[in-house]
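Undergrad: only the shape, not the letters, is given here:
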């Protein structure tokens with residue numbers, strides 16, 4: 001068998017990020033995922049897709065999936081994603097995702113899928129478990145490998161999925177010839193795990209967090225201030241940055257750090273009480289979100305613009321995606 005030539009590409013690196021439209025975006029999404037993507041678009045070839053197919057792995061309302069998909073696209077643009085620099089599209093609008101998914105299932109073991117932590121956790125909490133919940137990590141592998149992405153920003157909860165993508169790509173290349181770029185993880189340095197304000201031991205999330213502990217990106221200023229001022233701290237009398245033993249104050253300091261670009265240890269020394277720290281956090285978050293909210297309001301008045309951006313993004317993504325699927329089909333033994 002003749003191997004496909006080794007894949008090489010000159011700089012800049014190609015970086016891929018996916019967001020799942022299962023809830024309203026919040027501060028943790030902005031600091032841990034969106035802002036790093038916006039910054040990276042000036043240093044790397046950036047691809048961002050909205051993983052609406054992944055939202056179908058659990059019970060859902062069809063209209064809400066469509067609504068949240070458009071809302072997230074609008075929010076990404078409002079936060080500074082430039083469609084002239086970055087490629088933005090909706091996953092389901094590129095059929096190559098699902099085509100490559102099946103080809104990669106033919107190179108993935110059942111045990112590998114069953115070992116995924118999220119499948120084990122979510123399947124035990126549901127009476128009716130959809131097959132797609134088991135196989136969606138392979139779809140995620142297809143998402144990553146489809147674009148020959150060299151870098152994939154991931155949080156701790158997604159590291160296992162990226163390792164599966166690396167394993168499958170390496171196995172496929174060894175068995176059928178050099179076909180896929182093997183991606184590597186990129187871990188953002190700041191505020192990758194913003195915690196709930198009402199429970200600083202739990203990660204802020206779109207679907208699992210309480211509204212009281214989550215700052216949504218479209219929360220008005222008075223709601224932001226109320227949530228921050230009610231944030232859980234502890235009985236300490238001094239402001240100290242100690243994530244292990246004092247997670248409440250540490251979470252507030254990390255949020256403030258990400259907003260004002262200063263080390264949390266340095267910021268801790270500037271505040272003599274939790275009330276002053278909370279006021280500073282509220283003001284910083286309001287200042288961070290204000291221009292995003294204003295731009296979001298402008299974009300929602302012209303939803304046709306956002307839809308055009310998504311359609312053009314899918315069209316731009318199609319050429320590379322088609323080439324990847326063609327390589328994989330030829331390598332695995334299908335006529336093309």
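TA: Structure's in. What do you need? No experiment lies behind these values; they were computed from the predicted model shown.

Undergrad: where along the stretch 201-336 of the chain do the helices fall?
TA: Here the stretch 201-336 of the chain has its helices, by DSSP state H, counting those that start in this stretch, at 221-229, 247-260, 264-268, 274-300, 303-332.

Undergrad: want to throw these into JSON lines with mean neighbour count, mean pLDDT and distance to residue 28?
TA: Where you see a C-beta, it was placed from the backbone N, CA and C, and this is true even at glycine. Shown next, in JSON lines, are the helices of the stretch 201-336 of the chain (neighbours: other Cβ atoms under 10 Å; pLDDT from 0 to 100; distance: least, Cβ to Cβ, whole Å):
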{"stretch": "helix 221-229", "mean neighbour count": "16", "mean pLDDT": "97", "distance to residue 28": "13"}
{"stretch": "helix 247-260", "mean neighbour count": "23", "mean pLDDT": "95", "distance to residue 28": "9"}
{"stretch": "helix 264-268", "mean neighbour count": "17", "mean pLDDT": "96", "distance to residue 28": "16"}
{"stretch": "helix 274-300", "mean neighbour count": "17", "mean pLDDT": "98", "distance to residue 28": "12"}
{"stretch": "helix 303-332", "mean neighbour count": "17", "mean pLDDT": "96", "distance to residue 28": "23"}
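
Undergrad: same list (the ones you listed) but as CSV, adding distance to residue 240.
TA: CSV is the format used below for the helices of the stretch 201-336 of the chain (distance: least, Cβ to Cβ, whole Å):
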stretch, distance to residue 240
helix 221-229, 19
helix 247-260, 7
helix 264-268, 6
helix 274-300, 11
helix 303-332, 44
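
Undergrad: so for residue 61, which of those sits nearest?
TA: helix 303-332 (19.4 Å; Cβ to Cβ).

Undergrad: run the chain-centre distance for the closest one.
TA: 19 Å (Cα atoms, centre = their mean, to the nearest Å).

Undergrad: and the angle from that helix to helix 274-300?
TA: 90 degrees (axes from the mean of the first three to the mean of the last three Cα atoms, to 10 degrees).

Undergrad: who are the neighbours of helix 303-332, in terms of helices and strands?
TA: Secondary-structure packing of helix 303-332 (3 or more Cβ pairs under 8 Å, 6 or more residues apart in numbering; DSSP states H and E): strand 45-50, helix 62-78, strand 86-90, helix 96-105, helix 159-176.

Undergrad: quick one on the thing from earlier: among the helices of the stretch 201-336 of the chain, which comes closest to residue 30?
TA: The nearest among those, by Cβ to Cβ, is helix 274-300 at 7.7 Å.

Undergrad: got the angle between the closest one and helix 221-229?
TA: Using the same axes, to 10 degrees, helix 274-300 lies at 140 degrees relative to helix 221-229.
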